[in-house]
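> Here is my input, please return the structure:
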Amino acid sequence: MRPGEAGSAALADVEEPRLDAVPGGRGVTVRVLEVGLDGTDGEIAAGAYGRAPEGSEQLVLGHEGFGVVAEVGPEVRELAPGDLVVARVRRAQGSSLYDLLDRPDLTTDPVTYEHGIAGLHGFLTERYVEEPRYLVRVPATLAPVGVLVEPTSIVAKALTVVEDVQRRLGVWRPRRAAVLGVGPIGLLGALALRLEGLEVTAFGLHPPPYLNATLVEDLGGRYVSTRQRSLSEEAGAEGPYDVVLEATGYSPLAFEAMGVLARNGILVLSSVTAGSRTAEVPADDLNMRLVLANNVVVGTVNASRVHFERALAILAHAEACHPGWTRRLLTHRVEGLERFTEALDLLGTDGAVKVTVGVGTR
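I've put the predicted structure just below:
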């Protein structure tokens with residue numbers, strides 16, 4: 001598709017990826033098996049944002065890729081043909097200290113490079129070539145949910161950020177958590193927080209009966225529809241939260257969430273939405289709450305290798321504690337690249353939790 005141009009997405013032949021495009025014999029050819037789509041893909045396809053690679057007018061979509069190694073260069077020792085892999089989304093192509101440390105998720109450069117989003121082609125294609133350091137091996141036991149590794153890495157980084165920030169307290173024993181939004185990130189966030197032993201209340205728009213609500217409750221969490229009870233009302237009745245994970249993309253809710261934190265609590269913002277929405281907020285009250293209660297509001301974006309590896313651990317832990325739960329997130333799979341428009345149209349529809357495109361077979 002042509003970034004910034006709504007309705008420009010189309011199936012097209014592109015140049016065959018070359019193994020020797022990676023210097024020093026370090027190339028890895030990956031055959032794509034499945035690609036997950038999310039709201040970011042929908043917004044890029046709608047022309048809201050996106051940036052094509054330098055020298056190209058078009059951008060290949062898809063940042064949640066799952067595939068199998070088809071070929072490796074002569075100097076590759078980390079991977080072998082037949083290995084299942086997912087690719088990291090953001091690449092270290094800048095000049096900041098964090099890029100040099102292979103932490104492009106923390107880059108201070110003004111320009112970022114993300115597959116299928118900004119400056120790099122995505123994975124909604126038959127094959128791609130990558131460097132080994134950007135590929136993470138997936139155990140065969142997790143193959144049925146391999147396409148969930150990338151979104152789970154976002155949750156894994158959010159948890160790591162919480163842990164790192166809360167070391168400021170010396171001792172911290174969180175008990176209650178709220179998850180705002182019950183899309184894939186919100187549901188995976190509820191899963192991860194429950195696996196950490198927290199009481200979890202997840203907030204979504206739709207009243208039950210609702211698949212996403214059932215998924216939360218099957219983890220032992222609570223589900224609240226904000227059409228029936230607001231976040232502030234629920235916190236007022238049941239008590240404030242030690243951790244709040246915001247995953248709705250609805251920016252006014254982020255400010256409401258600042259007012260429901262417990263003392264020493266932390267709010268993690270993990271979603272963005274293109275637009276120019278404004279909101280009126282009780283600024284003095286929020287400022288007083290944040291200061292006097294030692295609260296923290298922190299943003300998190302993308303993930304590094306360590307977070308992808310933690311994502312694998314979360315998915316494995318989930319299968320042990322809640323067998324089959326993660327597979328229930330994969331509600332809609334469209335077979336074949338030629339049907340990509342059907343997959344895009346499914347985003348945000350009733351009953352669609354995670355939409356994927358089946359590209360190839362093992």
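
> Going by C-alpha atoms from here, please, whenever you check contacts or count neighbours.
OK.

> The protein - how does it break down into domains?
Following automatic domain parsing, the chain resolves into domains at 19-137+331-358, 153-299.

> right, so of these, which gets closest to Gly324?
domain 153-299 (11.1 Å; CA to CA).

> quick one on the thing from earlier: so can I have a markdown table of the domains of the chain showing distance to Pro3 and mean neighbour count?
Shown next, in a markdown table, are the domains of the chain (distance: least, CA to CA, whole Å; neighbours: other CA atoms under 10 Å):
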| stretch | distance to Pro3 | mean neighbour count |
| --- | --- | --- |
| domain 19-137+331-358 | 5 | 20 |
| domain 153-299 | 14 | 18 |
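
> right, and the ones you listed - which one's nearest Trp325?
Smallest distance to Trp325 across those (CA to CA): 7.7 Å, for domain 153-299.

> that older thread, want to throw the domains of the chain into CSV with mean pLDDT and distance to Glu5?
Shown next, in CSV, are the domains of the chain (pLDDT from 0 to 100; distance: least, CA to CA, whole Å):
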stretch, mean pLDDT, distance to Glu5
domain 19-137+331-358, 96, 5
domain 153-299, 96, 15
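
> Turn the ones you listed into a markdown table, columns for distance to His317.
Listed next are these as a markdown table, based on distance: least, CA to CA, whole Å:
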| stretch | distance to His317 |
| --- | --- |
| domain 19-137+331-358 | 17 |
| domain 153-299 | 8 |
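
> Minimum distance to Cys321: which of these has it?
Closest to Cys321 of the domains of the chain is domain 153-299 (CA to CA; 8.2 Å).

> ok so, going back, ok, which of the domains of the chain comes nearest Val306?
domain 153-299 (8.5 Å).

> Kindly check the end-to-end length of the closest one for me.
Across domain 153-299, the terminal residues are separated by 15 Å (CA to CA, to the nearest Å).

> from the middle of its chain, how far away would that domain be?
16 Å (CA atoms, centre = their mean, to the nearest Å).

> Can I take it that Val86 is in a strand?
Yes - counting by DSSP: H, G, I helix; E, B strand; the rest coil, Val86 is found in a strand.

> packing partners for the helix or strand harbouring Val216?
Taking DSSP states H and E as the criterion, Val216 maps to helix 211-218. When contacts are defined as 3 or more CA pairs under 8 Å, 6 or more residues apart in numbering; DSSP states H and E, helix 211-218 packs onto helix 184-195, strand 222-225.

> contacting residues around the longest one?
With contact meaning CA atoms under 8 Å, 6 or more residues apart in numbering, helix 184-195 is reached by 151-152, 154-156, 177, 179-181, 199-200, 202, 212, 215-216, 219-221, 245-248, 314, 317-318, 329, 353-354.

> Okay then, goodbye and thanks.
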